[in-house]
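*Asks:* sequence-free structure coming up:
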């Protein structure tokens, strides 16, 4: 008497819906990543009515405690020129430095960054809050 089954069942994994799920996840993360702000230094910017758009090569931030940042890297005023040179060397057009300063920062610190930018041959743009004059 032969008790073996004639039709063996084989396990199958249906991967059809997996492509749809991965596509939706990819789309979600792409949309969310565009909403992220790369400037993590929290500043209260001065306000302005006009808005000038500029192609930024590098962002120099100055917070309320007079700490200087190139991008998100903390630097001293003495190191600033050496840290900016590699960013400006990559640029083929007129390089520009966006100065992102807290509104309580003395103007001397902003002017010091502008002088360094002038020595390096870069334009400077002061980042402001576009919600109006205060």
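*Replies:* Received it, and whenever you're ready, just let me know what you need. This one's a predicted model, so the numbers in the text were calculated from it and none came from an experiment.
*Asks:* List the buried residues of the helix ranked longest in the chain.
*Replies:* Identified as the longest helix of the chain according to DSSP state H is helix 16-35. For helix 16-35, the neighbour count (16 or more other C-beta atoms under 10 Å) marks no residue as buried. C-beta coordinates here come from the backbone N, C-alpha and C atoms, glycine included.
*Asks:* next one: it to chain centre, how far?
*Replies:* Offset of helix 16-35 from its chain centre (C-alpha atoms, centre = their mean, to the nearest Å): 22 Å.
*Asks:* what's downstream of that helix, the next helix or strand?
*Replies:* strand 58-62 (DSSP states H and E).
*Asks:* List the contacts of that next one.
*Replies:* Defining contact as C-beta atoms under 8 Å, 6 or more residues apart in numbering, one finds that strand 58-62 is touched by 39, 41, 43, 68-71, 80, 84, 87-88, 95, 97-102, 105, 109-110, 113, 127.
*Asks:* again, 7 Å this time
*Replies:* Strand 58-62 is touched from outside by 39, 41, 43, 68-71, 84, 87, 97-102, 105, 109-110, 113, with contacts defined as C-beta atoms under 7 Å, 6 or more residues apart in numbering.
*Asks:* Any stretches of the chain with poor pLDDT?
*Replies:* Applying pLDDT under 70 to the chain flags the ranges 1-7, 36-56, 129-134.
*Asks:* switch the cut-off to 80
*Replies:* Scanning the chain for pLDDT under 80 picks out 1-11, 33-57, 91-94, 127-134.
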